[in-house]
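Engineer: Provide a 3D model corresponding to the input given below.
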Amino acid sequence: MSYRFVDLEIEEVTVENYKDILKPSLAQQVSVFVPPEGSFETPDLQRYLSLVKSYEVTSSDLVHGLSLADQIRITFSDMQAATICEKFPDIDLATKRRYRCVAEYLIRQGELTKLKDENGKLIKKLGNMGKMVVIYKPLPKICKTLQQTGLGQFIRNEQQAAKVNQRPSFYNQDWWGEEDGTVSD
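Structural biologist: From the prediction side, this is the model:
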């Protein structure tokens, strides 16, 4: 389970106390949605936290026990740009929609981006269903996240895996840059 949700009772989080209850990275992530910047009320905040938790910790793959976010991370760890349809050709339409929602989450986390041309316009291609779909490009953070969550052995790009494994660190940091306080040997 993601450390950001360990011992977190989402129903206790409010727009008034979220900074005191949530881990700093999660509090920063939701702060843009909370007044005065955003328009979330407590029920909205709790629904959002539940959604983020499901992306980070819920398993929908009974064989591998991986969250959708981790499945996407592993699949895109080859560092090749592709559509969801290309990476997951055998999944049904409803599941593809879920993967695209999780891909949007990974974009906000800085692990994926959508390919754009020199004018900033999205580059799309024809998908399996005959509709134009966006092309996702993995960013180096995707491999760092896999390494830090204990899934580094599944990184599909050898150069990227080597780069991640060579990173010097005195403190173990989570993928949001927070230190967990343990010292590496």
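
Engineer: so Lys96 makes contact with Ile84?
Structural biologist: Yes - applying C-beta atoms under 8 Å, one finds Lys96 in contact with Ile84, separated by 5.6 Å. (Each C-beta comes from the backbone N, C-alpha and C, glycine too.)

Engineer: between those two, which one's more packed in?
Structural biologist: Comparing Lys96 with Ile84 by other C-beta atoms under 10 Å, the one with more neighbours is Ile84, at 25 against 19.

Engineer: Any figure for the gap between the more buried one and Tyr136?
Structural biologist: Note on Ile84: its distance to Tyr136, by C-beta to C-beta, to the nearest Å, is 7 Å.

Engineer: now Glu11
Structural biologist: 34 Å.

Engineer: Those two: who's more crowded?
Structural biologist: Counted by other C-beta under 10 Å, Glu11 and Tyr136 do not tie: Tyr136 has more neighbours, with 26 against 10.

Engineer: Report the contact partners of the more buried one.
Structural biologist: 76, 81-84, 103, 107, 112-115 (C-beta atoms under 8 Å, 6 or more residues apart in numbering).
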